[in-house]
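>>> generate coordinates for the sequence data below:
(chains A, B, C and D)
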Number of protein chains: 2
Amino acid sequence: MLRKSLSLADAIAETLKADIQAGTILPGTRLHQEDLAKRFSVSRVPVRDALFKLNSEGLVSIEANRGAIVTKLTPEQISEIYDLRLILECDALERAIKVMTPNDLPAVRRALKMCRLQADGGDWLTADNEFHRTIYRLSGRTKQVEIIDTLRASVQAYWAQYSTLATNESHWLEQHDALYRCIEQKDARRAVKLLRTHLIEASIKLIS
Amino acid sequence: MLRKSLSLADAIAETLKADIQAGTILPGTRLHQEDLAKRFSVSRVPVRDALFKLNSEGLVSIEANRGAIVTKLTPEQISEIYDLRLILECDALERAIKVMTPNDLPAVRRALKMCRLQADGGDWLTADNEFHRTIYRLSGRTKQVEIIDTLRASVQAYWAQYSTLATNESHWLEQHDALYRCIEQKDARRAVKLLRTHLIEASIKLIS
DNA sequence: ATATGTATAAATGTATACATTGTAGATTAT
DNA sequence: ATAATCTACAATGTATACATTTATACATAT
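Reported below is the predicted structural model:
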C-alpha cells in the first residue's frame, strides 16, 4: 500500500477533525492559532494550513482577522444538509447498485460486519460512515462521494453529542441489514426507499 | 453596503480564479508559489493561502511537496459535474419558485437584462452565472447554492475555451427568457423541465 | 544503450520575526 | 451614570529565513 507523506498540516487537520467529530471540541469553540501551535509543538504556519483545510470542509468557520471557530449549525442548516444528503446519497446508491458486480459484495459485507462489532460502545459513527461510503464508492462518482463525505462529516459532531444520551443503534443495524439484502438482490428501487426513510428518521432524531 | 476587509490571500485567490475561468491560465498549468509571489509582489505565505482556497473550490489540485496545478478535468469528470448540477440546480429552482414572491421578480429581470447586454462579446459567462445564482438564492438554501456555485465555477474554464470558437449565445438567451416566464407564472414543473434540457444540451456541447 | 545511483538544484514545508487589525479596558466628557 | 474616545494588549496577517523533500542532470556500471 502506498503511503503518502503526511505533512504536519494534514496531521493536525486530521487530529482536529477527529476531536470535533468525537465531540471533544464543541461547536462554537474558538480555535486560537497560538494555542493549537503550542498543543502540537509546531509553529503557527501549519496550524493555519490545517484550519484552512477544515474551513474548506465546513468544519470550522474563518472570519478574516477574527480567527476560527468550530462551525455551529442551526437546526435549519442541519435540515438543509440532510435534504442534500437525501438527494445525493440516494442517487449514488442507485447508481452503485446498477453498476456493481458480485465481486463488490464482500467489501460491503465486511463494512457491515464492522458496524456490528462497533455497535455499542465502540466507534459506531465511523463504522456507519464507512459502511455507507463503501457502497457509494462503487458508483464510481468521485466528486459526488467527496461531497457526500463532506456533508456527513459536518453533522457528525452533533451525533457525537446525541449518542452519549441515547445510544440505541440496534434499530439502525437492522436497517443496514435490510439495505444490504436489497443491494445483494440488486433491488435499487427498494434500497433507495429504505435509505430515504433511514435518513429522514435520522434527521428528525437529530434535530428534535 | 458592508465591505469586508479583503486579505491579500483572498485578493490573490480571486484574481487567479478569474484568470482560470477566463481561460488565461489553462488547466494543467503548474502554479509555482515563488512565481506567483513575484507576480503579486508579496511573500509566498498569502500565495499558499490562496492556493489552498482555490484547492478547496476544486479549481487547483495540490499534491503534498509537489506543488499545485490548475485542475484538469476528463470528459467523464465534466459529465459527472453536470449530473450533479442537474440534480442540485433543478431542486433549487423548484424550491425557489415555491417560496418566491412578486417582490423577487425585479432582481431576476435585472439579471436577465444583464445577460442580454453581455450576450455577444461581453462577459456572458459571468452574466449567465449571475442569472442562475439570483434565482437559486431565492430558495434560501445557503449550502446548496454554495455547492452549485463551486460546481459551476469548476467547469467554467472549459466554456471559456469553447466560446472563443463558437460564440452562439442567442439560443441560450431564448431559454433564459422562457425560464423567466415560467418563474413569473410560478410554473415549477415546466421550469424544471426547461432547466433540465438547458443543462443537458450544455453538457453535450461542452464534452463533444 | 539502458538502467541505476549519486549529487546538485529547485521547489515546497516549516519556523521565527515583524506589521496590521481588532478588542477590551480605562479615562474623560456629557 | 452613561456614552464616547483613546490607549494598550492580544490575535491574526505577512515577510523573511531555514529545513526538508522532490526533481533533474550527470556519472557509472551492467
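>>> chain center to the helix or strand encompassing A:E174: distance?
For A:E174, the host element (DSSP states H and E) is helix A:170-184. A distance of 18 Å separates the centroid of the chain from that of helix A:170-184, by CA atoms, centre = their mean, to the nearest Å.
>>> quick check: mean pLDDT across it?
Average pLDDT, helix A:170-184: 92.
>>> A:D49: how many residues sit nearby?
For A:D49, the neighbour count with other CB atoms under 10 Å in any protein chain shown is 19. Just so you know, the C-beta spots here come from the backbone N, C-alpha and C atoms, and that holds for glycine as well.
>>> what number of residues lie near whichever residue of chain A sits closest to chain B?
Chain B sits closest to A:S56 of chain A, with a gap of 2.9 Å, by CB to the nearest CB. Other residues within reach of A:S56, judged by other CB under 10 Å, total 18.
>>> hmm, back to that, please state the offset of the next helix or strand after the helix holding A:E174 from the chain centre?
Using DSSP H and E, the helix or strand that follows helix A:170-184 towards the C-terminus is helix A:188-207. Centroid separation for helix A:188-207 versus its chain: 16 Å, with CA atoms, centre = their mean.
>>> quick one: the strands in chain A, in order.
Using DSSP state E, the strands of chain A run over A:30-31, A:60-63, A:67-70.
>>> a markdown table for the ones you listed, including distance to DNA strand C and mean neighbour count?
Converted to a markdown table, the strands of chain A look like this (distance: least, CB to the nearest atom of the strand, whole Å; neighbours: other CB atoms under 10 Å in any protein chain shown):
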| stretch | distance to DNA strand C | mean neighbour count |
| --- | --- | --- |
| strand A:30-31 | 10 | 16 |
| strand A:60-63 | 8 | 17 |
| strand A:67-70 | 9 | 18 |
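>>> if we can go back for a sec, and the helix holding A:E174, what does it pack against?
When contacts are defined as 3 or more CB pairs under 8 Å, 6 or more residues apart in numbering or on different chains; DSSP states H and E, helix A:170-184 sits against helix A:75-99, helix A:105-117, helix A:124-137, helix A:188-207.
>>> quick check: buried residues in it?
A:W172, A:L173, A:H176, A:L179, A:Y180, A:C182, A:I183 (16 or more other CB atoms under 10 Å in any protein chain shown).
>>> same deal with stretch A:125-142?
Buried, per 16+ other CB under 10 Å, within stretch A:125-142: A:125-139, A:141.
>>> and which of the residues you listed is nearest to B:Q161?
Closest approach between the buried residues of stretch A:125-142 and B:Q161, by CB to CB: A:R141, at 24.3 Å.
>>> give me the phi and psi for that closest one.
Main-chain torsions, A:R141, degrees, to the nearest 10: phi -90, psi 90.
>>> let's see the pLDDT reported for the closest residue to A:E34 other than its chain neighbours.
Distance criterion CB to CB, 6 or more residues apart in numbering or on different chains; nearest residue to A:E34, sequence neighbours excluded, is A:R44 at 6.4 Å. Looking at A:R44, its pLDDT is 96.
>>> quick check: A:H171 vs A:C90, distance?
20 Å (CB to CB, to the nearest Å).
>>> now do the domain split for chain A, please.
Domains of chain A are assigned by automatic domain parsing as A:8-70, A:75-207.
>>> hey, least reliable of those domains by pLDDT?
The stretch with the lowest mean pLDDT among those is domain A:75-207, at a mean of 92.
>>> quick one: end-to-end length of that domain, please.
6 Å (CA to CA, to the nearest Å).
>>> that domain: how far from the chain's middle?
On CA atoms, centre = their mean, the centre of domain A:75-207 falls 9 Å from that of its chain.
>>> around DNA strand D, which positions in chain A sit nearby?
A:5, A:30-34, A:44-45, A:48, A:62, A:64-68 (CB under 7 Å from any atom of the strand).
>>> any idea what the residue nearest to A:H32 when sequence neighbours are not counted is bridged to?
In space, and not counting its chain neighbours, A:H32 is closest to A:G67: 6.7 Å by CB to CB, 6+ apart. Residues in a beta bridge with A:G67, per DSSP bridges, are A:E63.
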